[in-house]
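[1] Based on what follows, work out the 3D shape:
(chains A, B, C and D)
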Amino acid sequence: MANANETEINIKGLCVNFPDKDNGGDIQALKDVNLAIKEGSFVSLLGPSGCGKTTLLRSIADLQDISSGIISVKGKTPKETRLSQQYGIVFQSPVLYEWRTVRRNICMPMEVIGLPKEERTRRVDEVLELVGLTEFGRKYPHQLSGGMQQRVGIARALALDPEILLMDEPFSALDEFTKEKLQIDLLSIWQKTKKTILFVTHNIQESVFLSDDVVVLSPHPGRVSAVVNIGLKRPRDLAIRETAEFAALVSKVRHSFEGIYE
Amino acid sequence: MKNLNKSVFLLVLLLTVVSSVFAGGESETVEEFSYYAADASVESILTDAATKGQVGNWGLGNEYEVLALLTKYDLPTSYLSQAFDMDGFDDDSILLASAMTYNELGLVKNSYDGGYGYGEDVSFIDMNDEGVAMLEDNLFTKAEFAAENPETVKAFIYASMKGWEYACANPEEAAEIVFNYGSSVSPEHQAYMAGEVKKLVETDTEGNTVTSYGEIDEDAMAQTLSLAKTYIKLEDSVAAKALEAMELDDIRDSSYWEEAMASEGSFDVEKADVSVQLKWLPQAQFMGYYVALDKGYYDEVGLNVTIIPGGGDIGETTAVYTGQVDFGVTWVSNLIAAKAAGMDLLEIAQVYQRSGLVLVYKTE
Amino acid sequence: MTEARKNSLTDKLVIIVWIIALIIVWEIGASVVEKTKRSPQNVLPHLSQIVESVFSDKMVSNKQTAFQIVITNAGITLLRAGIGFLYGAGAGFLLALAMHRFITVEKATFPYLMMIQMIPILGMAPIVLAITQDINKSRIIIAAILTFYPVATNMLDGLKSVEKEKYDLMRSLAASNWNIYTKLLIPTSIPYIFSGLKIAAPMAITASILVDTLQGGAGLGTMLSQSLKHAMSIYVFWQIVFFSATVGILSYKLMSFAEKIFSPHERAKGAR
Amino acid sequence: MDKHNRSRLSSVVLPLLLGLAVIILWQSQLLHRMIDADTFTLPLPGRIFNIIVENIGKILINMKATVTVALGGLLMGSLLGYLLAIIASAFPKWGTGGLAVVSSFNAIPIIAIAPILNNLTKDFSRDPNVRSMLAKTLVVMITCTVSMSVNAYRGFTELKPFSEDLMKSFAASKGTIFLKLKVPNSVPYIFTALRVSVPASVISAMVSEYFAEYIIGVGRQIRENIVLAQYATAWAYIVAAIVIGVTMYLILLAVERASMKGRP
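    Below you'll find the model as predicted:
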């Protein structure tokens, strides 16, 4: 990758506070987070519930107001990034519009920015093929399985061909078999499209399997406690999970949590 | 099979409930009703019905003559709300029922469609005989409208009275005209009504014949106003004071009628398209207006008249006052009440010269 | 025969049985009334008498039979109901949007929407009449006032039911307000709007019949009250009772049908 | 003051401000100019208030009559509706269809039902006040039965997934399942029904008064006064009607809040 070393997302001294409903004070959701994410890399934000990983993702997506610090995405503020539609986002639930067909769900972002119809059709065909749902374009969401619905969500995020893909625990609600299949598919999509992917998860194996870097977050207050580089070869397949190297990395990541929970 | 059993059970349950409700209604002990001797005195009949609380009236401003009559004999003045049919009289829940000579009385006596067929087995107390008569159907308009359109008002009075004159001379033809204008009252009842209305238009409260159609009789008006002041009870103290202070000149102006009748029948009308709001449903009660329309009397004076039937809950006084229609037909007592409430309305002609209200009872 | 079709067939059968049961109850009542009342047709006539009156060619007014009176006047009333319904639904729609957009509007107006529903039509009518100067416009406006409430409240519920993630998605796309409303909020509230419309449609018809009685003229309500006042055959009244119930039910069905057209995904669900 | 209290306060203050603004516009006749009305059809609040004060005794008597009818009908209709729902849920196959037929009763206008019932109840009592009361209450009952039966039926049938299976796993009898699961589950649905039928009970009580033999009630007074063009007095009774409706609705909301404690 030609410019793989350029920093895509740079976070310095990020703090996010929430008002505390019980005693009127503030809760620190994120405290002094510093992070640099390289272009074209696959980075996981890993941590238990309440560690602020989703808050961090939402801050980058400009869905969450920050209290202090700087986030820059290729030198732009998150708001500018959002307004220029430079990232795609995938949520934990597929968030599909039940009254729209699969094709029209994927079309929605393009309708919002007002792409011409032929362009929309072309891109929908493209991303449908990418996620392997070409046959299902005319179906309604409720006619698809959970895994297929999540693929539609991914396809929709890819439709505008953004540079960054933000994924908030996209596979956590799926069964193990579907999850593995989608992980493989996600890797192949990433390989083909060369996006920068920021992936929130609470699953250690998943983060190790997918990522270049695993950012380990710890709670109360939410902060970065370690960044583990995953040097596994690419492309990866399921067999890699059986290797000792994989097991060692998993255990390394797990150890980085030591001391967080007594 | 199981479902069938259930449904049969349900049905039986339902039927039992329903039939027990009906049976409950039937088993109620029925009291003896007192019908009255043909020669019984008015006082004895009224006393009996009033003490039993079985005098009926429609209310809604139709009750003042009945209240006056009951007061005259020192009787309690509460009455039952009578529906606009005679079922209550028929089933004896009302012993002394209000009836208009030209309408309900005919339904009670006659046996055509909608009638109850009592024939001569009923008799009645007449408000005119008892000295508590109040004037009924008149013609009125907004005072402001009359002042601004005097020629239109005169033209409308002139043509309408011509219609009444013809209708009273030919009641059967008039009844037919009303029927053809869309009234759904049966032709037989319409004919009966026309005959009775003619009597009210051509006889005064004393029983004398009236020849000048629509004349405002000062004495009868004075009696109406005085009874109205006594029996119209207004909760609104502002309106009650206005009623207290009201004089004949506040509610009627004979000059339009007098000038119209003295004229040659040609007018320089200020407003050609006018409408008249009737007090009740289209029927021979208003035959004069339908005849005037049918015979072209309105056209002759340069008016294009629309007749709007009444019978709804928005009173004719409101309709005229809000400017929705130009003229209206109402009872003088209703006009007085509206005037007391602050509506500046003016009577311009008095079509019915005596009260058409009677209290009907069954005779032995 | 598929299982689904078999089920819908038994459902229909059940309803038919119930209707028959109702008829039996009615007839028992009518027989009792016939024996105890002098004018049973005014209280509870036999159904056969009502049906007979529908097909009778006896003229009730100079040109029309009882049934012709019902049909011609029904046209006028239903037209008013339809227009009132459209205005009411439109007003409810806009008000729900306003209440959703501005919390102040919702808080300030919501209690009054309830109170307006408490004002009897008779109280409203003279004011509306004084404003419009036209009884027919007043009738339409009052029918609209009576129908907008269920649409407004249901749609507001619908707008509030939108999930947070769907907002986030729209925000992530930097969607304009117009896009948020047309692509997210309004489509989400469509099922809610329709449940409001399903309540409002029969209400518009009964309201329209009720406002007919405000003044004479034409319309089902006017004929109903004339018939009750014995100015015409009492069977006109009975026919109108059945006619209005039938049309009310049909209006509900019409809304369900329209809902299906507007929500193809629901249709797909049914077909699965 | 925290956010929650502030929000609750604003839902009281804002409507009051709007109401005050309207009353000021109304009393100063600016409202009349805006909608081109006059002070007879839309009397000034001060005059209406005076009439209420001067006639409070009579107004209260009429309010009592209307409230009795509305509450009586509401109670009878809701109980009957609930009973119908119980029967329907015991025989679901027949019940659903039965309720569909029952709900068609809603499509019949009240003005058609009221005179029929008035005639039907004539033999009930020699006292016209008593039989009028019955006729009016039955009209209200009919309007309230439908919404309760339909909603309560949903409350009996729309159970949380597996909750009935859980009861069955305890070998609970049908009666126990009904009392411990279905009845509690129907509580929110009862309130949904009541939120429709409380205002409806007041309106139908007033409409049924138009047709009743015995002259009493807020609705009847509104009609008498409007026909006689006494709009100021009619408005005094309209205010009374609104007071009845709003009070009943607020009581319902309070009861709902109290009995829904602990539910989401």
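[2] Stretch C:195-204 close to chain A?
    No: figure legend: stretch C:195-204 not in contact with chain A (C-beta under 8 Å from any C-beta of the partner chain); closest approach 15.3 Å. Just so you know, the C-beta spots here come from the backbone N, C-alpha and C atoms, and that holds for glycine as well.
[3] list the buried ones in that stretch?
    For stretch C:195-204, the neighbour count (16 or more other C-beta atoms under 10 Å in any protein chain shown) marks C:195-204 as buried.
[4] Can you show me the strands along the stretch 51-200 of chain C?
    For the stretch 51-200 of chain C, no strands are identified by DSSP state E, counting those that start in this stretch.
[5] before we move on, which element is the residue sitting nearest the centre point of chain D in?
    The structure's chain D has its C-alpha centroid closest to residue D:198; by C-alpha atoms, centre = their mean the separation is 2.0 Å. Residue D:198 belongs to helix D:183-211 when assigned by DSSP states H and E.
[6] Return the list of helices and strands in contact with that helix.
    In this structure, helix D:183-211 packs against helix C:103-118, helix D:56-90, helix D:110-120, helix D:128-157, helix D:218-227, helix D:231-259, with contacts taken as 3 or more C-beta pairs under 8 Å, 6 or more residues apart in numbering or on different chains; DSSP states H and E.
[7] got the domain boundaries for the chain?
    All of this refers to chain A. Split into domains by automatic domain parsing, chain A comes to A:1-86+A:166-172+A:189-262, A:92-161.
[8] look at chain D instead
    D:1-37, D:42-259.
[9] closest one to residue B:260 among the ones you listed?
    Among those, domain D:42-259 comes nearest to residue B:260, with 26.8 Å by C-beta to C-beta.
[10] Straight-line length of that closest one, end to end?
    Taking C-alpha to C-alpha, to the nearest Å, domain D:42-259 runs 41 Å from one end to the other.
[11] Stretch C:113-127 now?
    Separation of the first and last residues of stretch C:113-127 by C-alpha to C-alpha is 17 Å.
[12] Please identify the deepest-packed of the helices and strands packed on helix D:183-211.
    Ranked by mean neighbour count under mean count of other C-beta atoms under 10 Å in any protein chain shown, these are led by helix D:218-227, which reaches a mean of 26.
[13] angle of that helix against helix D:231-259?
    Using axes from the mean of the first three to the mean of the last three C-alpha atoms, to 10 degrees, the direction of helix D:218-227 lies 160 degrees away from that of helix D:231-259.
[14] how much does helix D:218-227 deviate in direction from helix D:56-90?
    Angle, helix D:218-227 to helix D:56-90, by the same axes, to 10 degrees: 130 degrees.
[15] which residues of the stretch 1-150 of chain B fall in helices?
    Taking DSSP state H, counting those that start in this stretch as the test, the helices found in the stretch 1-150 of chain B are B:2-27, B:42-51, B:64-72, B:87-90, B:104-109, B:143-148, B:150-169.
[16] By mean pLDDT, show me the worst of these.
    The stretch with the lowest mean pLDDT among these is helix B:2-27, at a mean of 46.
[17] about what we covered before: could you dump the buried residues of stretch C:195-204 to JSON lines with distance to chain B and pLDDT?
    Below are the buried residues of stretch C:195-204 laid out as JSON lines (distance: C-beta to the nearest C-beta, whole Å; pLDDT from 0 to 100):
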{"residue": "C:195", "distance to chain B": "29", "pLDDT": "87"}
{"residue": "C:196", "distance to chain B": "29", "pLDDT": "89"}
{"residue": "C:197", "distance to chain B": "29", "pLDDT": "90"}
{"residue": "C:198", "distance to chain B": "28", "pLDDT": "87"}
{"residue": "C:199", "distance to chain B": "26", "pLDDT": "83"}
{"residue": "C:200", "distance to chain B": "24", "pLDDT": "87"}
{"residue": "C:201", "distance to chain B": "25", "pLDDT": "88"}
{"residue": "C:202", "distance to chain B": "22", "pLDDT": "85"}
{"residue": "C:203", "distance to chain B": "20", "pLDDT": "83"}
{"residue": "C:204", "distance to chain B": "19", "pLDDT": "87"}
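[18] follow-up on the earlier one: right, and the domains of chain A - which one's nearest chain B?
    Closest approach to chain B among these (C-beta to the nearest C-beta): domain A:92-161, 32.6 Å.
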